[in-house]
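Colleague: Pasted the sequence and its predicted model underneath.
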Amino acid sequence: MSEVSEIIDKVTETVQPILDENNFYLYSVEYVQEGGSWYLRVYIDKDGGISIDDCVLVSDQLSEKLDEIEDVFADQYFLEVSSPGAERPLNNEQDYQNAINDYINVSLYQKLDGKKMYEGTLKELNDDDLTLVVKDKTRRKDVTIPRKLISKARLAIEF
């Protein structure tokens, strides 16, 4: 069987023209084994959000293209094409840039001002820090978080 990273690279290369043609962008690709079955998951998005019809279109076209490629998959797999979701992780710099002015959840490796988790609106971002506007009882305040302390960050839904 090919290495997982090789499969992900080949799928990325195969799906990109389909996405470009439809003004979608690739969020991520994963190829994982769960409970004895292999799953190829392709997460896509577009400005304004992805619909079920968009996922079906990409799934149908990608499935056809993958069937034409020999020797990529040694095992049977399930293809899933979907949106990364409303609370998608922020995986890279572009994700963080796109999240400016959005409400996010940030988990830390160690406590900062007594807390390991913050939620707020991403106000500013640079190479070293990000600044969130967080609710503090009845007022809002800015909290600057060193990026090296961040273990995970994701979009969040504000209640």
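Modeller: Alright, I've got the coordinates.
Colleague: quick one: residue 153 and residue 107 touch, right?
Modeller: Yes - between residue 153 and residue 107 there is a contact at 7.4 Å, judged by CB atoms under 8 Å. Glycine gets a C-beta too; all of them are placed from N, C-alpha and C.
Colleague: Which one of these two is surrounded by more residues?
Modeller: Higher neighbour count among residue 153 and residue 107: residue 153, with 22 against 13, using other CB atoms under 10 Å.
Colleague: Residue 106: how many residues sit nearby?
Modeller: 26.
Colleague: Equivalent analysis for residue 98, please.
Modeller: Counted by other CB under 10 Å, the residues lying close to residue 98 total 14.
Colleague: Please apply the same query to the one 3 residues further on.
Modeller: By the other CB under 10 Å criterion, the neighbourhood of residue 101 contains 9 residues.
Colleague: from memory residue 157 sits against residue 103, does it?
Modeller: Yes - judged on CB under 8 Å, residue 157 makes contact with residue 103 at a distance of 7.2 Å.
Colleague: Neighbour count: the two, which is higher?
Modeller: Taking other CB under 10 Å, residue 157 and residue 103 do not tie; residue 103 has more neighbours (16 against 9).
Colleague: so the nearest residue to that one once chain neighbours are set aside is in which element?
Modeller: Closest residue in space to residue 103, ignoring its immediate chain neighbours: residue 158 at 4.3 Å, by CB to CB, 6 or more residues apart in numbering. Secondary structure assignment for residue 158, by DSSP states H and E: no helix or strand.
Colleague: Using CSV, list the CA coordinates for the worst-scoring helix or strand of the chain on mean pLDDT.
Modeller: Across the helices and strands of the chain, mean confidence by mean pLDDT, DSSP states H and E is lowest for helix 93-98: a mean of 90. Extracted C-alpha coordinates of helix 93-98, given in CSV (Å, rounded to 0.1, in the frame of the first residue of the first chain):
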residue,chain,number,x,y,z
GLU,A,93,-1.9,30.8,9.0
GLN,A,94,-4.5,31.3,6.3
ASP,A,95,-7.2,29.9,8.6
TYR,A,96,-6.2,32.4,11.3
GLN,A,97,-6.2,35.2,8.8
ASN,A,98,-9.7,34.2,7.7
